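>>> requesting a structural model of the entry that follows:
(chains A and B)
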Amino acid sequence: MSDTLTAKDFATDQDVRWCPGCGDYSILKQAQSVVAELGRKREEIVFISGIGCSSRFPYYMETYGMHSIHGRATSIASGLKATRPELDVWIITGDGDSLSIGGNHLIHLLRRNFDVNILLFNNEIYGLTKGQYSPTSPEGKVTKSTPFGALDHAFNPSAVALGADCSFFARTMDRDPKHLKEILKRGNAHAGASLIEIYQNCNVFNDGAFFTFTDKATKGGSTLFLEQGQPLVFGAEKEFGVKLDGFKPQVVNLNEGHSLDDLWVHDEHDYMKATLLSRMFDVPSEGSLPRPFGVFYSAERGTYEVALDAQIAEATEALGKGDLDALLAGNSTWEIK
Amino acid sequence: MYYPRRKQSLILGYFCSYSTRMNETQQELKEITILFAGDSGDGMQLTGNEFANTNALFGNDLATFPNFPAEIRAPLGTVAGVSGFQMKFGSTEIFTPGDQADVMVAMNSAGLKSSLHNLRRDGLVIINSSGFDKKNLKLAKYETSPLEDDTLKYYRVYQMDITKLTQETLKDSGLGRKDVERSKNMFVLGYLYWMFNRKMDGTESFLKRKFASKPEILNANLAVLKAGYHYGDTTETFTSRYDVKKADLPKGKYRSIMGNQATAMGLIAAAQKSGLQLFYGSYPITPASDILHELAKHKNFGVKTFQAEDEIAAVTACIGASFGGALATTGSSGPGIALKGEALGLAVMLEIPLVVVNVQRGGPSTGLPTKTEQSDLMQALYGRNGEAQTMVIAPSTPKDAFETAFEACRLAVEHMMPVMMLSDGYIANGSEPWAFPKAADLPEITPKFANPKAYEDKEYLPYKRDENLVREWAIPGMPGLEHRVGGLEKEELTGNVSYDPDNHEHMVKTRAAKIQKIEDDIPLQTIDQGAEKGKLLILAWGSPHGAIKTAVRQLLEDGYDVSHAHIKYLNPFPKNLGDILKNFDKVLIPEINDGQLDILIRNKFLVPSERLCKIKGLPFTAKEIIEKVKAIY
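Alright, predicted model coming up:
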């Protein structure tokens, strides 16, 4: 019975093989717990991954699953969703998988707006290949393949997503299971492509990449947790806010002459504001803008699979249900007697 | 019944002339080859196709061969920009679009220059004289006008100023100069309908469909078409009319069919016969795009076409669709197939149905996009990392593409594996009459779906196989059969990831054995023409079929001991192929590549076969086959 499933019902008999201490464990746990609460049957859920550490994920989910090839989980899921719209499809991918080798498929899935959930495990490093820089690694990053520092300018996943007209983008982190779970549920509830960027610590090859956002001492001042209809407030004591000066977000101190009424109120349906949030991407420092977490953007937009079925229904209505004999005969025939 | 075959100086031995009017003779012909050559903007493909359709409707057998540049509009008036269309039709069985043309239409100087060598000596060339002004001659790099020097001394020439005659016809139409000029191909078509005594109603209704929303263009085209016909009827210029009677084809209902169209229809038919949803994921590429265009028209069959962002997405979307239980099909040409390679390896590993149509073109790299070649045979068999065989199957003519596409689907679905269908540009764009089948006569296709009920009290093992080594198709939605698959090596039975050395070797051998088992599910190799045993066997695959068939028919009449076997199943081969090879002293393998089937045959059967390779982006002529046979006989 689907309504009695628990997280444990979604664990498989396979040994989980991530490194001890990997952020992936936390994400797996929350995902198992979220799918258990969906009320869907196990056989209606599909997890599809590409290649990378995170992409082993489907082996640990007692659902249908595919551990595919590098970068292609998104396009495989597109084909599945196009033909089986009723399934609950989850894509597990990493920063290299989705933004480097599979970058093309990601943006096209987003613009087509298939109703799938994409969990982008961003650890800013290539883990499975043992430590090369990734498309989200910051400039200057010293890795095995960049001993003198990476020259590439890093991708900003939220800006990429919004640029591709993603209908749902959220950011969360492995170290905040409560928030992670909440965001996974929000993403799944969204009818359309949900891209969820998860800051995930690779404790072997890039330990502490997101330390600023996860460490108690710095977390308050560097992270901004978005809530719909609420002013943008952050800081250990919620003493800071973000105010809009025209199109320019500014940090203000609520204890120094500014009130909550002055602040930018979060509206996840506002694309323009979402793009501003996506640009709050500097490495936070004293007095700088914080890094937003939560749902940046969520919009109602028709999905590809629904439009595809509607078009078929429309064509069938207009042309009549396809008749194979008529198709084989075509417009003009002749008979030899 | 065999007709005495004409040699290269055809026609003359074939017709009887009788006079119908003072200056007109009517020649009865068994078969005739006609070549249209003009600028790529002159509408030669449309003219050729309409002429072909009309003759097909009349009851001739025929074969067509469009030959056009890769550029949509190559420089006007130049040889590079020439678009050609060759076809042969007749009252006999026709297997090729003809070696050499009997009649040629040259719309401009470049058209004449590019194609005159394809006109037989004493052939008739119909010239649009306004295409031979100073500018056109210069663009075609003629130093003197071929109409005035002795370029055409071995041919019969008939000149008319088609451009001017079209302008005259439309002088009161109110159409601009450009639109007027664009209808001049209808004048040629009308003239040919007069020349061959054909009715114009087929083309008239085609034009009515095509220009339904542009009545002034429709009227102009209809007027010019009629003007061309009347021009032939009323001018007192000496010329001949030809009488090509209906062909004595097997009884039945016929239609005209092009290869890509036949492929698309084969896929739709297979979906209907298997009860599966048809998914076609594809990225536009010459010469395969018409399959996508054709399928996209038939949404009322529930066909889901998906124009993907690239070749990789096209095939991987298919893998997703197949995982979900659809009949997943993709089509491309060589460069696209190269991009799909890694995903095809995944499909091999997953052992799920997938049909991949490769409409081959000249390679390597971008190569010759609009020209035909058979050079992807090795790619089809071996073009992936690891030991990753797929089943390979090839059509031999445009209509055969229907049956081949259907068969590819059947084998993919019933044997749970990717199947590569090797079509080519010549098959894709060529057309011929087709005695199309009845839907009810097509075989049923049985998907190997798992039955969840069978596993209520036993464990489901994703890689458990039947006697043909085929695993079951368990798709999302089937309760209790949840499982995970992937590109990593599978453990036997469970499908769990396994790096065990013995298991890997076992699985590699099992996947190969599974393909080999298909030989029990495909027909034995037959001899197309000639004796079952003898001196020389011509062994071939794919589109050279027609040229070889024509050549062998001629050779048999001339007393040569020669036979022809044409392979449809290239991996695995039919199981009696080796025995057939042993029955002949010599084996000749003609291919539009550098000898790829020859390598496979030598490797598998240790036969000292001989090659006939042509790598010019053009199909074989029957003459080339005949000459090679005579040389090695």
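>>> name the element the residue of chain B positioned farthest from its centre belongs to?
Residue farthest from the centre of chain B, counting by C-alpha atoms, centre = their mean, is B:D457 at 51.5 Å. For B:D457, there is no enclosing helix or strand under DSSP states H and E.
>>> mind listing what residue 183 touches?
Chain wasn't specified; assuming chain A. A:170, A:172, A:196, A:294-295 (C-beta atoms under 8 Å, 6 or more residues apart in numbering or on different chains). In this view, the C-beta of every residue, glycine as well, is placed from N, C-alpha and C.
>>> looking at chain B here, not the other one
B:166, B:170, B:217, B:220-221, B:224.
>>> for those, which one is nearest chain A?
Chain A lies nearest to B:N221 out of the contacts of B:S183, by C-beta to the nearest C-beta, at 18.2 Å.
>>> next one: phi and psi at the closest residue to A:N255 other than its chain neighbours?
Ranked by C-beta to C-beta, 6 or more residues apart in numbering or on different chains and with sequence neighbours excluded, the top spatial neighbour of A:N255 is A:E239, at 5.5 Å. Recorded main-chain torsions at A:E239 are phi -90, psi -10, according to degrees, to the nearest 10.
>>> burial count for A:E239?
15 (other C-beta atoms under 10 Å in any protein chain shown).
>>> pretty sure it sits against A:E256.
No. Taking contacts as C-beta atoms under 8 Å, A:E239 lies outside contact range of A:E256: 9.0 Å.
>>> and B:G38, which of the three is it?
strand (DSSP: H, G, I helix; E, B strand; the rest coil).
>>> report pLDDT for it.
pLDDT recorded at B:G38 is 93.
>>> and what of A:L327?
A:L327 is given a pLDDT of 98.
>>> using CSV, write out every CA atom in the longest helix belonging to chain A.
In chain A, taking DSSP state H as the definition, the longest helix is helix A:304-319. The C-alpha coordinates for helix A:304-319 follow below in CSV (Å, rounded to 0.1, in the frame of the first residue of the first chain):
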residue,chain,number,x,y,z
TYR,A,304,6.1,19.7,-23.0
GLU,A,305,4.5,16.3,-22.4
VAL,A,306,1.1,17.8,-21.9
ALA,A,307,1.4,19.9,-25.0
LEU,A,308,2.6,16.9,-27.0
ASP,A,309,-0.4,14.8,-25.9
ALA,A,310,-2.7,17.7,-26.6
GLN,A,311,-1.3,18.0,-30.1
ILE,A,312,-1.8,14.3,-30.8
ALA,A,313,-5.4,14.6,-29.5
GLU,A,314,-5.9,17.6,-31.7
ALA,A,315,-4.5,16.0,-34.8
THR,A,316,-6.5,12.9,-34.2
GLU,A,317,-9.6,15.0,-33.8
ALA,A,318,-8.9,16.9,-37.0
LEU,A,319,-7.6,14.0,-39.2
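>>> can you pull the buried residues of that helix?
A:304-305, A:308, A:312, A:315 (16 or more other C-beta atoms under 10 Å in any protein chain shown).
>>> okay if I get those as JSON lines plus pLDDT and distance to A:D325?
Formatted as JSON lines, the buried residues of helix A:304-319 follow (pLDDT from 0 to 100; distance: C-beta to C-beta, whole Å):
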{"residue": "A:Y304", "pLDDT": "98", "distance to A:D325": "32"}
{"residue": "A:E305", "pLDDT": "98", "distance to A:D325": "30"}
{"residue": "A:L308", "pLDDT": "98", "distance to A:D325": "26"}
{"residue": "A:I312", "pLDDT": "98", "distance to A:D325": "20"}
{"residue": "A:A315", "pLDDT": "97", "distance to A:D325": "18"}
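>>> can you narrow those to ones near chain B?
Restricting the buried residues of helix A:304-319 to those near chain B by C-beta under 8 Å from any C-beta of the partner chain leaves A:308, A:312, A:315.
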